[in-house]
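Peer 1: quick one: sequence plus predicted model below, questions after.
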Amino acid sequence: MPDQNRCPWAEASPLETRYHDEEWGVPVRDDNTHFEFLILEGAQAGLSWHTILQRREGYREAFLHFDPVAVGKLTEADAERLMQDTRIIRNRLKIAATINNALRFQEVQAAFGSFTDYFWGFVDGRSVQNEWQRLEQVPASTPLSDTIAKDLKKRGFKFVGTTTMYAHLQATGLVNDHLTSCFRYDYIRSLG
């Protein structure tokens, strides 16, 4: 869609354009997809999103199709094996956090019925509709992401800081941060 007006960050590469045009900001109400984004956004800490998107399929295979139950059963030996897997970011703390977060994720599911119910509860089940006109207006974090990050940390999650959580809110459609001039803005708004 070369003649479409889209968020400027999405023009950086064809991979980012496709992600923006097809996924970013679409409201997610599926636990495994939320878990996928928790893994990917935790892995992104200190890196570019492009780097993570390039490795997304590697993460999908290495972390058992983002199944939190299967990931929660990974052992120390599995973590050592993953440290040798060039398809993912080989960071010991991030790998350990992913396994830990799978267990915490299951605890949230047990307590709330689903992670989706827990997460969407922070916005009363409806997407926050922002009306940014310029990329510079889009925040890196908000009081909402502060609250969610604090709650997740209290529950034992790792690599879930406020900036990471804001990225999760954007990716999974709890906030609509497409610029108002972007061709996806009205569509995403209609899903909210």
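Peer 2: Good, I have the coordinates.

Peer 1: run through who's touching the longest helix belonging to the chain.
Peer 2: Criterion DSSP state H: the longest helix present in the chain is helix 92-112. Identification of contacts with helix 92-112 by C-beta atoms under 8 Å, 6 or more residues apart in numbering yields 31, 35, 38-39, 42-43, 45, 63, 68-69, 71-72, 74, 78-79, 82-83, 88, 115, 118, 121, 152, 155-160. In this view, the C-beta of every residue, glycine as well, is placed from N, C-alpha and C.

Peer 1: give me the element Asp146 is part of.
Peer 2: Per DSSP states H and E, Asp146 falls inside helix 143-154.

Peer 1: whichever helix or strand comes after that helix packs against which elements?
Peer 2: Proceeding N to C from helix 143-154, the next assigned helix or strand is helix 162-171, under DSSP H and E. Packed against helix 162-171 by the contact rule (3 or more C-beta pairs under 8 Å, 6 or more residues apart in numbering; DSSP states H and E) you find helix 31-44, helix 143-154.

Peer 1: any chance of the ones you listed in TSV, plus distance to Ile95?
Peer 2: Converted to TSV, the helices and strands packed on helix 162-171 look like this (distance: least, C-beta to C-beta, whole Å):
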stretch	distance to Ile95
helix 31-44	9
helix 143-154	18
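
Peer 1: brilliant, that's me finished.
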